[in-house]
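*Asks:* Below are the sequence and a predicted model; questions follow.
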Amino acid sequence: MTTESGRPAAAQAPAPAAQAPAPSSLPVLLSTALTTFDDLWSPRIVTRVNDYDVRIAKVEGEHVWHVHDSTDEFFLVLDGELAIALREESGERTVTLPKGAVFTVPRGTEHKPLAPGGASILLLEPTGTSTVGDRHDPVPAHVDATTGHALDER
């Protein structure tokens, strides 16, 4: 991936990692958790499972083409519809996920999530994984380059 000048894109430093919450002995109602923030493309960490964050996010419009070199990325659509454009060895394709659908982007696959009509999603990723991956195109202002925020943060 390159910058507009044709040089390789430098990794944008993600925002500092949130103190991920410890697993709770109380249930988390995702519909309620989603009402606690309005930021788009800025995931909130709702809990942790072993070394993985369970994150929720509100999304609308386009993210950025990016790659996670050493981890898969799991998506569950809670509301709305999410499309994920993929650049694979066989060419480009887009998968469309309606509410309730899941999809895993394999590690090393360049991808760009998009939700023209908006969506709420759940992500499962290793703690510390950047939302813009290890390599990415220039990050637009509406995309939060972060490793996740606590629910009550920001």
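*Replies:* Yes, it's here.
*Asks:* Share the number of residues neighbouring D152, please.
*Replies:* Neighbours of D152 under the rule other CB atoms under 10 Å: 10. Every residue, glycine included, has its C-beta placed from N, CA and C.
*Asks:* nearest residue to it other than its sequence neighbours?
*Replies:* Spatial nearest neighbour of D152, chain neighbours left out: T36 (7.1 Å); criterion: CB to CB, 6 or more residues apart in numbering.
*Asks:* give the contact list for that neighbour.
*Replies:* 44, 151-152 (CB atoms under 8 Å, 6 or more residues apart in numbering).
*Asks:* Go through the residues you listed and flag which are in strands.
*Replies:* Residues of the contacts of T36 located in strands (DSSP state E): R44.
*Asks:* nearest to P106, of the contacts of T36?
*Replies:* The closest of the contacts of T36 to P106 turns out to be R44 (CB to CB; 25.0 Å).
*Asks:* Which helix or strand contains V95?
*Replies:* strand 91-97 (DSSP states H and E).
*Asks:* Show me what that strand is packed against.
*Replies:* With contacts taken as 3 or more CB pairs under 8 Å, 6 or more residues apart in numbering; DSSP states H and E, strand 91-97 sits against strand 82-88.
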